[in-house]
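> Here you go, sequence then predicted model.
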Amino acid sequence: MALNVQRLGALIRKETIQLLRDRRYVGLTLTLSFIQLILYASAATQTVYHLPMVVLDQSRDARSRALVQALFNSQYFDVALEVQSPAEVQQAIEQGRAKMGLEIPPRFATQLDQHTAEVLVLLDGSDSAAVRSGYSAVGLVLQNFSAQLVAKTLQRSSVKPGALPITASAQVLYNPDLIDVWFIVPGIIGMILQTLTIEQAAISMVREREQGTLEQVLATPVRQIELTLAKLTPLMLLSLVVFWIAVGVGVFWFGVPFRGSLLLYLGLSVVYVVGCLGLGLFIATRATTQLEAQSLSLVFLLFGMLLSGFFYPRDSMPLIPQLIGDLVPLTYFVRISRSVFLKGVGLQFFWTDALTLVIYTVVVILVASKRFKMRLD
Amino acid sequence: MTEPVIVAREMVKHFKAGRGTVRAVDGLSLEVGRGEMYGLIGPDGAGKSTTTRVILGLLTRTGGESSVLGFDSMRDMYAIRERAGYIAQQFSLPPTLTVMENMQFFAGVHGVSAAQQRQRIPELLAFAGLADFTRRPAGRLSGGMKKKLALACSLIHEPPVVMLDEPTLGVDPVSRREFWSLLGDLQTEKGLTILVCTPYMDEAERCTKIGLIYGGRLIAEGTPAAIKALVPGRVLEVTPADSLAARRILGGLAGVREVQTYGDKLHVVVADVEAGKRQMMEALKAARLAHDDIREIEVRMEEAFISLVRRQAAEAREGRAA
């Protein structure tokens, strides 16, 4: 295979000039990538605090007040309003004035002493974030409340409070304060890189075909590998620049710790970016118009966003979405990214993901090259 | 003839379309000798572009043979691309690159050394009248200038052969003339071998040899004079008041071989000029159609072309009816 450096150089120069002068791409996509980074990281917390709560306290004694106070103190709930009947509770949630309803039965204090107290908690199921947060938060608060009550009772009976059969203390490794941003930023870097590369690689190839510039270039002695490399190189370099900026913003602005090897991360990111570019080139061999290329790229980008484990956990997905997620390079990069940022471990701990990424990249580039003919038909 | 540079023998190209095949090129043979300018003339869809692309190796040849400078179009694709210049029909040079960057790009991909570039690029740009526009993005050139830039880019590596697919399409007449005079100069000065597809009949006149292509086949080939001689008779021109009516009447006359319409004029092909004139005048007077002087005109490529295409179409119909 004859690869001529002068030809390659001329091609790369042309591609770079075209990329830099494509204002739409440079301005819009880059800006969008960073808006994505900042918005997602700042705004996308998966825990909801200060859920508005509607309270129906049919007991109105010290202990029921204490319960409501405990819920408020947890920061998860705010007392939005107090009502006098169960129907009003339903109404409040229906009208959206509250996301959670608490119904405390009459004679709450007495029931507590008899260990038969039951409270009813209603959650607004149409808001999944509210439900997820509220559900676990309520459980937590009530459990704590019960435990405290038991401890007090035991104290009064002069039994040491430590007589509870099991005490569990949970310790979250790597992200002990459960800071959402730490969880999201490593994944976002992968998302930005894929947004930057897949669509642009696909479109630039198809645009040449549509505009007719491809035919003129094909009539020169350029070889397939030179064309492919030339398409990839400027995007690759641009991605590297964005990579550094994204990591910088993540570490210095959002305060995400970087505990692993920077060199290793850089290397794997390069593999990942080449994989995304290859995917874009592959899409270009299947698309006949720029619009098609855009749509196909979008499909992969969406799969990446939803099925890669970046936003939603993969473990709870049924088989088919999981398999589809396996086809997207972002899936592997998210795991690698989080391992490097938060766990700070070396290659030996995520080598399966790294290897898969390398194989994926090689395969996708080979397939794209095979399908790309040096003729018009 | 001089040593053949471009050769096609019984060349065939089929396209798959829907459920059938389109026979774009159906057994075409031609030869272009060194230093010749060969014009491939034909109506839209006749197969001119396809022929050029197959010879260059840009499309996969379905059957037959084709070669440039002895290199086969399919096997030695890259060898041809190194030695030929090409301007595509829907050609487009990268629009965001400037004139100079375009020249440098094509020079680079053709392996022209930096020293050679420094010498040739200014020459070519001056030759093409683009010396003052080196920093203008190619997309912002006028139609005529774009074509001239394409020509310059296709010649940067000093190829011995150039193939042009409708290079002056959509260009104003002045620019067209300039373009062709450039081409002519190159042919004489550098002994360039040129294959050009054009729908413009007047451009066909400038070629050394012409091939009329219709339905994927050559229906006539020869020098411009030889082709014009294929018109069955002499041509008389008349401008009647009502060309539609006149056409009907004249078409029915015994001595009239053929009538062609050109705007408001009619070109009538007759065997004998004097007899024909008389017949026509009588017929038009009888029908009370006013007209100006009937006079003989020189046979042009237009007449030859339309006459030949009509004959070809008629033969095809007869063939199907038989």
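That came in fine, so what should we check first? Numbering: from 1, shown residues only, chains lettered A, B, ... in the order given.

> pLDDT below threshold where in chain B?
B:1-2, B:321-322 (pLDDT under 70).

> what sits against the residue of it at minimum distance from chain A?
Chain A sits closest to residue B:108 of chain B, with a gap of 2.5 Å, by C-beta to the nearest C-beta. C-beta: built from backbone N, CA, C; applies to glycine. Contacts of residue B:108 were listed using C-beta atoms under 8 Å, 6 or more residues apart in numbering or on different chains, and they are A:6-7, A:9-11, A:13.

> Would you mind checking the residues you listed for buried ones?
A:7, A:10-11, A:13 (16 or more other C-beta atoms under 10 Å in any protein chain shown).

> Just these: which are in helices?
Among those, the members falling in helices (DSSP state H) are A:7, A:10-11, A:13.

> how about the residues of chain A near chain B?
Within reach of chain B by C-beta under 8 Å from any C-beta of the partner chain, chain A has these residues: A:2, A:4, A:6-7, A:9-11, A:13-14, A:17-18, A:21-22, A:211-213, A:215-223, A:374-377.

> thinking again about what came up before, now render the contacts of residue B:108 as a markdown table, adding pLDDT.
Formatted as a markdown table, the contacts of residue B:108 follow (pLDDT from 0 to 100):
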| residue | pLDDT |
| --- | --- |
| A:6 | 93 |
| A:7 | 93 |
| A:9 | 94 |
| A:10 | 95 |
| A:11 | 94 |
| A:13 | 95 |
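
> Return the set of buried residues in stretch B:298-309.
In stretch B:298-309, counting by 16+ other C-beta under 10 Å, buried: B:299-309.

> Pull the number of nearby residues for residue B:62.
16 (other C-beta atoms under 10 Å in any protein chain shown).

> sorry, that was for residue A:244
12.

> and if you look at residue A:251?
The number of residues near residue A:251, taken as other C-beta under 10 Å, comes to 14.

> Then residue A:75?
Residue A:75, neighbours per other C-beta under 10 Å, totals 12.

> burial count for residue 156?
Looking at chain A here, since you left the chain open. 8.

> Correction: the question concerned chain B.
Counted with other C-beta under 10 Å, residue B:156 comes out at 24.

> cool, and the one 10 residues further on?
Residue B:166 has 22 neighbours, counted by other C-beta under 10 Å.

> Quick one: buried ones out of the residues of chain A next to chain B?
By 16+ other C-beta under 10 Å, those give A:4, A:7, A:10-11, A:13-14, A:17-18, A:22, A:211, A:213, A:215-223, A:376 as buried.

> just the ones in helices among the buried ones among the contacts of residue B:108 now: which is nearest chain B?
Taking those together and measuring to chain B by C-beta to the nearest C-beta, the closest member is residue A:10, at 2.5 Å.

> Name the residues that touch the helix or strand harbouring residue B:318?
Assigned by DSSP states H and E, residue B:318 belongs to helix B:301-321. Surrounding helix B:301-321, the residues in contact under the criterion C-beta under 8 Å, 6+ apart are B:41, B:43, B:201-202, B:204-205, B:210, B:212, B:214-215, B:219-220, B:224, B:227-228, B:230-232, B:235, B:258, B:260, B:262, B:267, B:269.

> show me where the stretch 51-200 of chain A has helices.
A:62-73, A:86-94, A:108-113, A:128-156, A:180-211 (DSSP state H, counting those that start in this stretch).

> How many residues are close by residue B:188?
Around residue B:188 there are 10 residues (other C-beta under 10 Å).

> Now do it against residue B:223, distance only.
As for residue B:188, its distance to residue B:223 is 17 Å (criterion: C-beta to C-beta, to the nearest Å).

> do residue B:108 as well
Separation of residue B:108 from residue B:223 (C-beta to C-beta): 40 Å.

> Check residue B:270 too.
From residue B:270 across to residue B:223, the span is 24 Å (C-beta to C-beta).

> Out of those two, name the residue with the larger neighbour count.
residue B:270 (23 against 12).

> Dihedrals phi and psi, that one?
When read as degrees, to the nearest 10, the backbone of residue B:270 gives phi -130, psi 160.

> what sits against it?
B:233-236, B:255-257, B:276-277, B:279-280.

> and what of residue B:45?
Residue B:45 touches nothing, counting by C-beta under 8 Å, 6+ apart.

> Using the three-state scheme, assign it.
coil (DSSP: H, G, I helix; E, B strand; the rest coil).

> how close does it sit to residue B:199?
11 Å.

> What ranges does the chain have for its strands?
All of this is about chain A. With strands called from DSSP state E, chain A shows them at A:51-57, A:77-82, A:100-104, A:120-123.

> Chain B, not that one
B:4-17, B:20-33, B:37-41, B:63-68, B:71-72, B:84-87, B:161-165, B:193-198, B:209-214, B:217-222, B:234-238, B:256-262, B:265-270, B:295-297.

> Find out how far the helix or strand of chain A with the lowest mean pLDDT is from the centre of the chain, if you would.
Averaged element by element with mean pLDDT, DSSP states H and E, chain A has its least confident helix or strand at helix A:23 (a mean of 74). Between the centre of helix A:23 and the centre of its chain there are 29 Å (C-alpha atoms, centre = their mean, to the nearest Å).

> Check stretch A:125-141 too.
Per C-alpha atoms, centre = their mean, the centroid offset for stretch A:125-141 relative to its chain is 20 Å.

> List the contacts of the residue of chain B most remote from its centre.
Centroid-distance maximum for chain B: residue B:286 at 41.9 Å, with C-alpha atoms, centre = their mean. For residue B:286, no residue meets the contact criterion (C-beta under 8 Å, 6+ apart).

> and chain B, which of its residues are near chain A?
Neighbours of chain A within chain B, by C-beta under 8 Å from any C-beta: B:15, B:53, B:56-60, B:77-78, B:81-82, B:84, B:86-88, B:90-97, B:101, B:104-111, B:150.

> Show me which of these are buried.
B:53, B:56-59, B:77-78, B:81-82, B:84, B:86-88, B:91-97, B:101, B:104-110, B:150.

> Which ones among those lie within helices?
With DSSP H as the criterion, helices contain B:53, B:56, B:77-78, B:81-82, B:101, B:104-109, B:150 from among those.

> give me every residue that touches residue A:329.
Each residue near residue A:329 by C-beta under 8 Å, 6+ apart is listed here: A:194, A:272, A:275-276, A:279, A:304, A:357, A:360-361.

> residues contacting the nearest residue to it once chain neighbours are set aside?
Once flanking residues are discounted, residue A:329 sits nearest to residue A:275: 4.4 Å by C-beta to C-beta, 6 or more residues apart in numbering or on different chains. By C-beta under 8 Å, 6+ apart, residue A:275 lies in contact with A:329, A:357, A:360-361, A:364.
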